[in-house]
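In: this one's sequence-less:
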């Protein structure tokens, strides 16, 4: 290693940066290969070439070859396939921001590194400004389906639990309510999208809403089908609702760069508040009507 970079601390930072660059080269290359959209694929290939050039520059400084982080390459490739390119890129670009900060620190002692820091910043702006995915256009439809299903069904299941107190009956009533509501929401989204004429396909928007609703219904009702006691099934279902809220809120917060904590807290308070109120209502209904099942 040259004298100007002989410091052990600087050398380790350079090696870490070098490994990061070759890892991101492989990630962007694999993502580009999997894309049908040639515009996005071309952009990713160009960014991958820049990452490879950064790696080669750093290799000249360190005098060492390093291997990519294979697990990281696999994880981000799978995330892009499962949750969309935008989600995976935004999650990865959080690391790019850390890389830019590391380069800025190295630039004070290592000549030529400042240019890499500027290019890392440019990558983030370019990638996230130009990547265009269908799922982003229909994010509102997915949010509508999930949010409505979680709020409505947690309340419904809580009320039914006190009123009926039998898991099979609760699951049956909840399933009928959930399927009917999903069809209703999908139809409403179709009509709403058609009247807005905002460029989204009404049928596709309704499908996103309906499928999101059905997924939420399946997760929330499953405990009542699998567990014999409603006293156990209801808390498990509510935990499932909180987990679903957490997972989807994290996805939206990354894809749209929103505050996770604020939206998660708000959604949990609304869902659990509705569930608590409906639980009390179910108790009153059972008491006033004298239900014995």
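Out: That came in fine, so what should we check first? Predicted model only: the values in this text are computed from it and were never measured.

In: nearest spatial neighbour of residue 160, chain-adjacent residues omitted?
Out: residue 170 (4.6 Å; C-beta to C-beta, 6 or more residues apart in numbering). From N, CA and C alone the C-beta is placed, and that goes for glycine too.

In: sec struct for that neighbour, please.
Out: Secondary structure state of residue 170, per DSSP: H, G, I helix; E, B strand; the rest coil, is helix.

In: moving C-terminal from the helix or strand of the chain with the lowest mean pLDDT, which element do we reach first?
Out: For the chain, counting by mean pLDDT, DSSP states H and E, helix 134-137 ranks last in confidence among helices and strands (a mean of 62). Counting by DSSP states H and E, the next helix or strand C-terminal to helix 134-137 is helix 139-164.

In: tell me which residues in that next one are buried?
Out: 139-164 (16 or more other C-beta atoms under 10 Å).

In: again, but for stretch 33-40
Out: Here stretch 33-40 shows 35, 40 as buried, counting by 16+ other C-beta under 10 Å.

In: what about that stretch, how long is it end to end?
Out: Taking C-alpha to C-alpha, to the nearest Å, stretch 33-40 runs 10 Å from one end to the other.

In: next one: that stretch to chain centre, how far?
Out: 21 Å (C-alpha atoms, centre = their mean, to the nearest Å).

In: what do you get for stretch 168-175?
Out: So, by C-alpha atoms, centre = their mean, the centroid of stretch 168-175 is 30 Å from its chain's centroid.

In: let's have the chain start at 52 instead
Out: Got it, first residue is 52 now, which makes that one stretch 219-226.

In: distance of the most centrally placed residue in the chain relative to residue 141?
Out: Residue closest to the average C-alpha location in the chain (C-alpha atoms, centre = their mean): residue 302, at 1.9 Å. Distance from residue 302 to residue 141, counting by C-beta to C-beta, to the nearest Å: 10 Å.

In: what sits against the closest residue to residue 224 other than its chain neighbours?
Out: For residue 224, ignoring the flanking residues on the chain, the nearest one in space by C-beta to C-beta, 6+ apart is residue 211 at 5.4 Å. Residue 211 makes contact with 220, 221, 224, 225, 333, according to C-beta atoms under 8 Å, 6 or more residues apart in numbering.

In: correct me, but the second one touches residue 276?
Out: No - in this structure, residue 221 is not within contact of residue 276 by C-beta atoms under 8 Å, at 9.5 Å.

In: pLDDT score for the residue nearest to residue 224?
Out: Model confidence at residue 211, given as pLDDT, is 81.
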